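**Q** Got a predicted structure plus its sequence, pasted below:
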Amino acid sequence: MSAQQPVKQIRVSPEARRKLEEIFEMFDRDHDEVLNYKELNNLQIATSGSPIETAAQFAFICQLLDQNPMRGINFAGLARVYLDSALPFDADLDTDHKKLFNKDAASDSASSGSETK
Ligand SMILES: [Ca+2]
């Protein structure tokens with residue numbers, strides 16, 4: 001038994017990967033494959049309702065994810081935000097994905113009059 005396993009790559013199920021890709025593409029507005037401060041901030045506001053307050057905070061997040069703050073967070077970095085339990089983020093991929101893409105389900109009411117099969 002080894003004392004400690006190095007954290008290299010986290011496991012991402014196909015479903016989680018699809019959700020991550022949808023979220024990433026939605027917020028990577030300039031399609032440069034990284035989420036910069038502004039883009040990650042938009043994601044943060046859309047999911048948690050509160051912004052990343054300072055560029056320093058963004059830089060700190062980048063450091064936690066082994067990302068370059070001058071560029072931003074790439075797909076692997078975003079995956080770690082949601083799926084790496086060693087990191088101090090409490091974001092839930094399914095919850096956030098629903099918030100972003102499934103607005104109907106979030107405010108599901110008893111009426112199902114217009115539902116199609
Ligand atoms: Ca970008």
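**A** Arrived safely.
**Q** going forward, measure contacts between C-alpha atoms and count neighbours the same way
**A** Will do.
**Q** quick one: pLDDT of the nearest residue to residue 16 once chain neighbours are set aside?
**A** Leaving out its chain neighbours, the residue that sits closest to residue 16 by C-alpha to C-alpha, 6 or more residues apart in numbering is residue 93, at 7.5 Å. Reading off the confidence values, residue 93 has pLDDT 97.
**Q** Could you tell me how many residues sit around residue 93?
**A** When neighbours are defined as other C-alpha atoms under 10 Å, residue 93 has 18 of them.
**Q** For residue 56, see how far away it is.
**A** 25 Å (C-alpha to C-alpha, to the nearest Å).
**Q** now do residue 22
**A** As judged by C-alpha to C-alpha, residue 22 and residue 56 stand 27 Å apart.
**Q** which ones are touching the residue nearest to the spatial centre of the chain?
**A** Against the mean C-alpha coordinate of the chain, by C-alpha atoms, centre = their mean, the closest residue is residue 78 at 5.0 Å. Residues near residue 78 by C-alpha atoms under 8 Å, 6 or more residues apart in numbering: 20, 24.
**Q** Show me which positions of the helix or strand containing residue 39 end up buried.
**A** Taking DSSP states H and E as the definition, residue 39 sits inside helix 37-48. Judged by neighbour count using 16 or more other C-alpha atoms under 10 Å, the buried positions of helix 37-48 are 37, 38, 39, 40, 41, 42, 43, 44, 47.
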